[in-house]
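**Student:** sequence below, structure please.
(2 chains)
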Number of protein chains: 2
Amino acid sequence: MNILVVGSVAYDTVKTPFGQAEDVLGGSASYFSVAASFFTSVRLVAAVGEDFRAEDRAVLERRKIDLSGLCTEKGKTFRWSGKYGYNLNEAHTLVTALNVFEHFQPRLPDSYRDSELVFLANIDPDLQRQVLEQVKDPKLVALDTMNFWIDSKLDSLRRTLSKINLLMINDGEARQLSGEVNLVRTAQRIFEWGPSTLVVKRGEYGVLMFTREATFAAPAYPLESVLDPTGAGDSFAGGFMGYLANSGNFGESSIRQAIIMGSVMASFNVEAFSLDRLSKLSYREIEDRYRAMKRLTHFEDL
Amino acid sequence: MNILVVGSVAYDTVKTPFGQAEDVLGGSASYFSVAASFFTSVRLVAAVGEDFRAEDRAVLERRKIDLSGLCTEKGKTFRWSGKYGYNLNEAHTLVTALNVFEHFQPRLPDSYRDSELVFLANIDPDLQRQVLEQVKDPKLVALDTMNFWIDSKLDSLRRTLSKINLLMINDGEARQLSGEVNLVRTAQRIFEWGPSTLVVKRGEYGVLMFTREATFAAPAYPLESVLDPTGAGDSFAGGFMGYLANSGNFGESSIRQAIIMGSVMASFNVEAFSLDRLSKLSYREIEDRYRAMKRLTHFEDL
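**Tutor:** Below is the predicted model:
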């Protein structure tokens, strides 16, 4: 199955205790689509400005990502600047310049309308819904969001949530959205609103997945060197959705494997700035780390 | 194999967002020994005051814990008072009254000297070493400590670390002790100091275990209701050491199972104040939750 992603393609300036990068390719749709591209064909919807560099487009093209939905608008590409302290779980945003994203009205090319899986990355919930309405008959729709939309557009977000299958969100934001401190109750609350699966991202602590029937926990892969956590959540989502799309099966066993694959892709992503590590991966490396995740978590029955 | 534990037997006053308890049985050695008692015979070394209640002694006796090393000293039992906010990972200490613990000089009954596993709960590293020197030929020695000793008695702590096999510690304290932000490097540093196994406790995020050969991650069991996290770390240690002692095998497979068993005991402990849940467990409940931990973490190979 194929995947449609709507989100940002951006230029990021990032500082971590381990280095920095200026005006490098980033954005949720970039991370997502490169991660997912190892498993299936990906269609991207986003806007960039006239300053978007050919070499960055080439990064996406080399991964065979369908860019017919990537519009070049008058103005500059979306820019985000942030820094991290030693607690790499928390980004401190320094600058957000929406630029071409300010008036972004996602319009799907006709060739995208039969998309099977849809990932609505963290953008305005109005736009997420607008994209979804242009897809004919999606088999699975997942959504990410953030505190900004929970604070400023809760009604719209709730309306969008009623139309999706899977919510993927940070733990703090999951608690904020549900008004529940406890994550088990958070999941129960969110199921009432539409999604039947909740994936809670916990940074270096990994992921918790809830359905009505089961709970699954996956650790983050412990790395000796984490250079830049930017894009980890979207790389996770890309690995997750890519694996699901490739398997064509949304059963519990497949979802568990997809979560591990998401964790694998996120673990590679944080080893370098921008898409430097992700875009150069081999499938062999991906399989090896999946096996390492198995060794990391396996224990015998009593 | 049997286990020796040295630590505190205390009266705790605890307030959480979900309730409170006043002057209830607590202390590291209490939590540890009750948790471990489901798997093997436990010998306890600690001091209590003349106010220590017969009913609290009975809680330990009913679990067949050997109390010949529990001295009653002139004065009052050690008291700790703390509260937790909605972030149950962090205790705010309100009062610590050492009382009889202030001049505690642990002396082992002769019958304890052949102890096989030793758990040095979080007390003054001088006392931890003093206990260890009285044990003839321990097969495995584990130690817990905290920021207070890292700040105030680092040299003594390092001397004690050189004599043990396994360090069990919170993630923040592991980082503080090693001077490394990254946990993989933290482990490498700590191996240089003596221990060959590092168990990093991460509260609601579970546990990471490092040896030179392998890394193992276990999540905390997600509960719908956590009443009081006090004693979770010591209940974990009790389940962990108890399982190891019972298996008589310290190989990697056994250590992984022991970590799951520790997580199981910690998960029960936090469901109630004091030892209320732990002391009334059935072995059947323990086995069921071990199986639930398997369902929580299992995924298929690629």
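**Student:** please count neighbours and contacts with C-alpha atoms only from this point.
**Tutor:** Will do.
**Student:** just say helix, strand or coil for the spatially closest residue to residue A:236 that is not a sequence neighbour.
**Tutor:** Distance criterion C-alpha to C-alpha, 6 or more residues apart in numbering or on different chains; nearest residue to residue A:236, sequence neighbours excluded, is residue A:262 at 3.9 Å. Here residue A:262 is helix, with the state taken from DSSP: H, G, I helix; E, B strand; the rest coil.
**Student:** now do the contacts for residue A:262.
**Tutor:** Remark: with contacts taken as C-alpha atoms under 8 Å, 6 or more residues apart in numbering or on different chains, residue A:262 is in contact with A:235-241.
**Student:** okay if I get those as a markdown table plus secondary structure and neighbour count?
**Tutor:** As requested, these are exported to a markdown table (DSSP: H, G, I helix; E, B strand; the rest coil; neighbours: other C-alpha atoms under 10 Å in any protein chain shown):
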| residue | secondary structure | neighbour count |
| --- | --- | --- |
| A:235 | helix | 32 |
| A:236 | helix | 30 |
| A:237 | helix | 33 |
| A:238 | helix | 34 |
| A:239 | helix | 30 |
| A:240 | helix | 28 |
| A:241 | helix | 31 |
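**Student:** want to throw those residues into CSV with distance to residue A:198 and pLDDT?
**Tutor:** Conversion of the contacts of residue A:262 to CSV gives the following (distance: C-alpha to C-alpha, whole Å; pLDDT from 0 to 100):
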residue, distance to residue A:198, pLDDT
A:235, 17, 98
A:236, 14, 98
A:237, 12, 98
A:238, 16, 98
A:239, 16, 98
A:240, 13, 98
A:241, 14, 98
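**Student:** can you give me the helices for the stretch 151-300 of chain A?
**Tutor:** Along the stretch 151-300 of chain A, the stretches classed as helices by DSSP state H, counting those that start in this stretch are A:154-161, A:171-178, A:183-192, A:232-247, A:252-269, A:283-297.
**Student:** which parts of the stretch 151-300 of chain A sit against chain B?
**Tutor:** Within the stretch 151-300 of chain A, the residues that sit near chain B (C-alpha under 8 Å from any C-alpha of the partner chain) are A:181-185, A:205, A:214-219, A:222-225, A:253, A:256-257, A:287, A:290-291, A:294-300.
**Student:** just the buried ones from the residues you listed?
**Tutor:** A:181-185, A:205, A:215-219, A:222, A:256-257, A:290, A:294, A:296-299 (16 or more other C-alpha atoms under 10 Å in any protein chain shown).
**Student:** quick check, pLDDT for the residue nearest to residue A:236.
**Tutor:** Note for residue A:262: predicted pLDDT of 98.
**Student:** distance-wise, check it relative to residue A:268.
**Tutor:** Here the distance between residue A:262 and residue A:268 works out to 10 Å (C-alpha to C-alpha, to the nearest Å).
**Student:** over to residue A:66?
**Tutor:** Between residue A:66 and residue A:268 the distance, using C-alpha to C-alpha, works out to 23 Å.
**Student:** which one's more surrounded, those two?
**Tutor:** Taking neighbours as other C-alpha atoms under 10 Å in any protein chain shown, residue A:66 and residue A:268 compare with residue A:268 leading, 25 against 18.
**Student:** residues contacting the residue of the stretch 51-200 of chain A found nearest chain B?
**Tutor:** Using C-alpha to the nearest C-alpha, the single residue of the stretch 51-200 of chain A nearest to chain B is residue A:184, 5.2 Å away. The contact partners of residue A:184, by C-alpha under 8 Å, 6+ apart, come to A:210, B:222-224.
**Student:** repeat that for 10 Å
**Tutor:** A:208, A:210, A:215, B:222-225 (C-alpha atoms under 10 Å, 6 or more residues apart in numbering or on different chains).
**Student:** who touches the residue in the stretch 101-250 of chain A that chain B sits nearest to in this structure?
**Tutor:** Taking C-alpha to the nearest C-alpha, chain B has its nearest neighbour within the stretch 101-250 of chain A at residue A:216, 4.6 Å off. Taking C-alpha under 10 Å, 6+ apart as the criterion, residue A:216 is in contact with A:199, A:207-210, A:252, A:255-256, A:259, B:219, B:221-222, B:293-299.
**Student:** just the C-alphas of stretch A:198-212, formatted as PDB.
**Tutor:** Listed in PDB are the C-alpha atoms of stretch A:198-212, where the atom choice follows Å, rounded to 0.1, in the frame of the first residue of the first chain:
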ATOM      1  CA  LEU A 198      -3.100   5.700  20.700                       C
ATOM      2  CA  VAL A 199       0.700   5.800  20.200                       C
ATOM      3  CA  VAL A 200       2.400   7.800  23.000                       C
ATOM      4  CA  LYS A 201       5.900   9.000  22.200                       C
ATOM      5  CA  ARG A 202       8.200   9.400  25.100                       C
ATOM      6  CA  GLY A 203      11.500  10.400  23.600                       C
ATOM      7  CA  GLU A 204      14.500   8.500  25.000                       C
ATOM      8  CA  TYR A 205      12.000   6.400  27.000                       C
ATOM      9  CA  GLY A 206      10.400   4.900  23.900                       C
ATOM     10  CA  VAL A 207       6.800   4.400  23.000                       C
ATOM     11  CA  LEU A 208       3.600   3.100  24.600                       C
ATOM     12  CA  MET A 209       0.800   1.900  22.300                       C
ATOM     13  CA  PHE A 210      -2.800   1.400  23.400                       C
ATOM     14  CA  THR A 211      -5.700  -0.200  21.700                       C
ATOM     15  CA  ARG A 212      -8.900  -1.300  23.400                       C
END
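**Student:** which parts of it are buried?
**Tutor:** Taking 16+ other C-alpha under 10 Å as the criterion, stretch A:198-212 shows A:198-211 as buried.
**Student:** that older thread, shared neighbours of residue A:262 and residue A:268, which are they?
**Tutor:** Where contact means C-alpha under 10 Å, 6+ apart, the residues bridging residue A:262 and residue A:268 through contact with each are A:35, A:232, A:235-236.
**Student:** so which two of the residues you listed are the farthest from each other?
**Tutor:** Distances among these were taken as C-alpha to C-alpha; the most separated pair is A:35 and A:232, at 10.1 Å.
**Student:** looking at these two, which is more packed in?
**Tutor:** Ranked by neighbour count (other C-alpha under 10 Å), residue A:35 and residue A:232 place residue A:35 first, with 34 against 24.
**Student:** wait, is that one part of a helix?
**Tutor:** Yes: under the criterion used here (three-state DSSP), residue A:35 sits inside a helix.
**Student:** show me the contacts for the residue lying closest to it once chain neighbours are set aside.
**Tutor:** Taking C-alpha to C-alpha, 6+ apart as the measure, residue A:35 lies nearest to residue A:238, with 4.8 Å between them; neighbours along the chain are not counted. Under the criterion of C-alpha under 10 Å, 6+ apart, the contact list for residue A:238 reads A:3, A:5, A:28-39, A:42, A:119, A:232, A:244, A:258, A:261-263, A:265-266.
**Student:** for residue A:223, same thing?
**Tutor:** Residues in contact with residue A:223 (C-alpha under 10 Å, 6+ apart) are A:204, A:267-268, A:270-271, B:182-185.
**Student:** just give the nearest non-adjacent residue to residue A:163, would you?
**Tutor:** If the residues on either side of it in the chain are set aside, residue A:163 comes closest to residue A:194, at 6.6 Å by C-alpha to C-alpha, 6+ apart.
**Student:** I'd guessed the one you found sits against residue A:157; true?
**Tutor:** No: taking contact to mean C-alpha atoms under 10 Å, the distance of 11.4 Å between residue A:194 and residue A:157 leaves them out of contact.
**Student:** and the residue nearest the centre of chain A?
**Tutor:** Centre of chain A computed as the mean C-alpha position; nearest residue by C-alpha atoms, centre = their mean is residue A:234, 2.4 Å away.
**Student:** please tell me how far the closest residue to it other than its chain neighbours sits from residue A:129.
**Tutor:** The shortest distance from residue A:234 to any non-neighbouring residue, by C-alpha to C-alpha, 6+ apart, is to residue A:32 (4.9 Å). Residue A:32 sits 19 Å away from residue A:129, going by C-alpha to C-alpha.
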